[in-house]
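> let me see the structure of the following:
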Amino acid sequence: MKLGMVIPNPLAPSLAEAPRAAEAGAKGLLARPEVFVDSAFALKVGPDEMAAALRELPLVGLWPRSSLLGPDGVAQMQSCIDLADALREFAPPDTMPLVVCDAGGGDRETAWPRLVEALQGLARAAEERSCILAVRPDRASIVDRSRSAAKLLAEVGSSYVQTAVDPAATVGDKDTLDDAVLRLKDNIVLAFARDVKFDQTGKPTYLPPGSGVLSYAKYAELLAGAGACGYLVLGELATIDELKAAASRVRSHIGA
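All right, here's what the predicted structure looks like:
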């Protein structure tokens, strides 16, 4: 498993600075779409700029800020699938480009059928483009734990819809660390490196890996059983020093 980083980040706020992520130990990038496109999803960077920035860092996938159940969520996800396909020459060798999908919230009784229907339609688009959609469970989403993610994957019923595990987003109130990984291990195509702690009211605060309640030694051990997971990706952090320290800490656990 290799270290990945989300871009933009404090070390690489734009595509041009992406090689600085490699200096900190990153082996791949998970990009917000705005790194490459404007609000209408028209490319705003040229092929030479992309080649120079991504020469040392494969583009693991895209992670849109919009949720699937939000306004224009399906259209945004379709655009991301198309963009991931267009950028596949920069993907890691012998892999399908990934699009990480945050489901979003809503009334479960009405939102869940909409989510399943939307993902079934997007799965067909992903198959046509040879891309993978990776649904990220999050305690604020209707896909709020590993159990609901497993249920969703079963109902969607497509190998082009998998999961991106983020224990900081579920462990402590929705999952144990074992549940977060082991229940989904055959479907995990990407993992996030974040941490979490809770105040006295149970409100979560998200932290750099190793700063909260998660055991990163155990997390790395569990992920070793997720054969399709090639990258452990640092979430969005606040400062360059925080990013470098987190990268060093994660590398020590994954042997990178």
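
> in the protein, where is pLDDT below threshold?
With pLDDT under 70 as the threshold, the chain has low-confidence stretches at 256.

> ok, 80 please
255-256 (pLDDT under 80).

> just the strands from it, written as ranges.
When secondary structure is read from DSSP state E, the chain shows strands at 2-7, 28-31, 59-62, 98-101, 132-135, 161-165, 188-193, 195-198, 204-207, 231-234.

> tell me the strands beside the last one, with direction?
Just to be clear, that refers to strand 231-234. Each strand that pairs with strand 231-234, with its direction, by DSSP bridges: strand 2-7 (parallel), strand 188-193 (parallel).

> please name the bridge partners of the closest residue to Leu98 other than its chain neighbours.
Sequence neighbours aside, Gly61 is the residue nearest to Leu98 in space, at 3.0 Å (criterion: Cβ to Cβ, 6 or more residues apart in numbering). C-betas here are computed from N, CA, C, even on glycine. For Gly61, the beta-bridge partners are Leu30, Leu98 (DSSP bridges).

> quick one on the thing from earlier: nearest to Ser141, of the strands paired with strand 231-234?
Using Cβ to Cβ as the criterion, the shortest distance between Ser141 and these is 14.0 Å, found for strand 188-193.

> so which bits of that closest one are buried?
Counting neighbours by 16 or more other Cβ atoms under 10 Å, one finds that the buried residues in strand 188-193 are Ile188, Val189, Leu190, Ala191, Phe192, Ala193.

> just want the angle from that strand to strand 161-165.
Our comparison of strand 188-193 with strand 161-165, counting by axes from the mean of the first three to the mean of the last three Cα atoms, to 10 degrees, yields an angle of 20 degrees.

> what does strand 188-193 contact?
The set of residues external to strand 188-193 that reach it, using Cβ atoms under 8 Å, 6 or more residues apart in numbering, is 1, 4, 30, 60-61, 98, 100, 132, 134, 136, 162-169, 181, 209, 216, 219, 223, 226, 228-235, 246, 250.

> alpha carbons of that strand, in PDB - could you do that?
In PDB, the C-alpha atoms belonging to strand 188-193 read as follows (Å, rounded to 0.1, in the frame of the first residue of the first chain):
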ATOM      1  CA  ILE A 188     -12.300  -1.400  -0.400                       C
ATOM      2  CA  VAL A 189     -10.500   0.300  -3.300                       C
ATOM      3  CA  LEU A 190      -9.200   3.300  -1.300                       C
ATOM      4  CA  ALA A 191      -8.500   4.100   2.300                       C
ATOM      5  CA  PHE A 192      -8.400   7.500   4.100                       C
ATOM      6  CA  ALA A 193      -5.800   8.400   6.700                       C
END
